[in-house]
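>>> Got a predicted structure here, sequence first:
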Amino acid sequence: MAHYAFLDEHYIVTEVIVGKDESNFDWEKHYGDFRGQLCKRTSYNTIGGVHNGGGTPFRKNYAGIGYSYDPDRDAFIPPKPYPSWVLDEMTCLWSAPTAMPDDGKRYNWDEATTSWVEFVMPE
């Protein structure tokens, strides 16, 4: 089983489907021609450039609706969560400009202050 992402004219993922594994046939072209959209295979087991099953990573990240495809990097990139976050070139994932504290507490990102704010459950 393989997964394929359909892209609009701006390289934004509009749909992801389950399809045939590639072997001696170009399924990307087949599905793309059938739908009239650019189609790229995506790996369900790849995130941040690492294959979670120990296999070869594929296109940096599993595609999701709203992700963008960067043909220069041959990578799927998730939507940017906050304006201040920066793209990690190795993983093609977004990172906060400052690391989240590692003290066992829960934090939320506050874009107004560009900092991590401790999450406190209301009583």
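Thanks, I have the structure now.
>>> Now do the helix or strand of the chain with the lowest mean pLDDT: which elements does it pack against?
In the chain, no helix or strand scores lower on mean pLDDT, DSSP states H and E than helix 27-35, which sits at a mean of 79. Applying 3 or more CB pairs under 8 Å, 6 or more residues apart in numbering; DSSP states H and E, we find helix 27-35 packed against strand 2-7, strand 13-19, strand 38-42. Where you see a C-beta, it was placed from the backbone N, CA and C, and this is true even at glycine.
>>> mind running it again at 7 Å?
Secondary-structure packing of helix 27-35 (3 or more CB pairs under 7 Å, 6 or more residues apart in numbering; DSSP states H and E): strand 2-7, strand 38-42.
>>> The last one pairs with which strands, and in what direction?
Sheet pairing here is set by DSSP bridges, and for strand 38-42 it gives strand 2-7 (antiparallel).
>>> Please point out which parts of the partner strand sit buried.
For strand 2-7, the neighbour count (16 or more other CB atoms under 10 Å) marks 2-7 as buried.
>>> ok now the least confident helix or strand of the chain, how far from the chain's centre?
21 Å (CA atoms, centre = their mean, to the nearest Å).
>>> Just the residues contacting that helix, thanks.
Contacts with helix 27-35, where a contact means CB atoms under 7 Å, 6 or more residues apart in numbering, come from 2, 4, 6, 19-20, 38-41.
>>> okay, the angle between it and strand 13-19?
Here the directions of helix 27-35 and strand 13-19 differ by 120 degrees (axes from the mean of the first three to the mean of the last three CA atoms, to 10 degrees).
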